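Colleague: Okay, structure incoming, though there's no sequence with it:
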């Protein structure tokens, strides 16, 4: 699962407090939305975490939060390899 992205030279990592993701709107513009919720964040309406499995959406577990697909506008993303090193 992606732990960070880069967009227009800005690096955003999920563990950062208040991390936001760039999302492309239908008119082509970009807006920034909150990227999940960290365990230390006491405010917010979402469960803790920054990822969700597609099968949990399809099974209805996320229905209370009204999920919808979006296009995250990222130039690069970061993943960890088998040795837990970020790339």
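Modeller: Good, I have the coordinates. Everything quoted here is computed from the prediction, not taken from an experiment.

Colleague: what's the burial count for residue 21?
Modeller: Residue 21 is flanked by 21 other residues according to other CB atoms under 10 Å. Heads up, the C-betas are built off the backbone N, CA and C, glycines and all.

Colleague: Model confidence for it, exactly?
Modeller: At residue 21 the predicted local confidence, pLDDT, stands at 96.

Colleague: Tell me who's in contact with it.
Modeller: For residue 21, the contacting residues are 5, 12, 32-35, 72, 74, taking CB atoms under 8 Å, 6 or more residues apart in numbering as the criterion.

Colleague: hey, where'd the strands end up in the chain?
Modeller: With strands called from DSSP state E, the chain shows them at 4-7, 10-13, 20-24, 30-34, 71-72, 76-78.

Colleague: Next, the contact list for the residue nearest the centre of the chain, please.
Modeller: Within the chain, the residue whose C-alpha comes closest to the C-alpha centroid is residue 35; the distance, by CA atoms, centre = their mean, is 4.1 Å. Contacts here follow CB under 8 Å, 6+ apart; on that basis residue 35 touches 12, 14, 19-21, 50.
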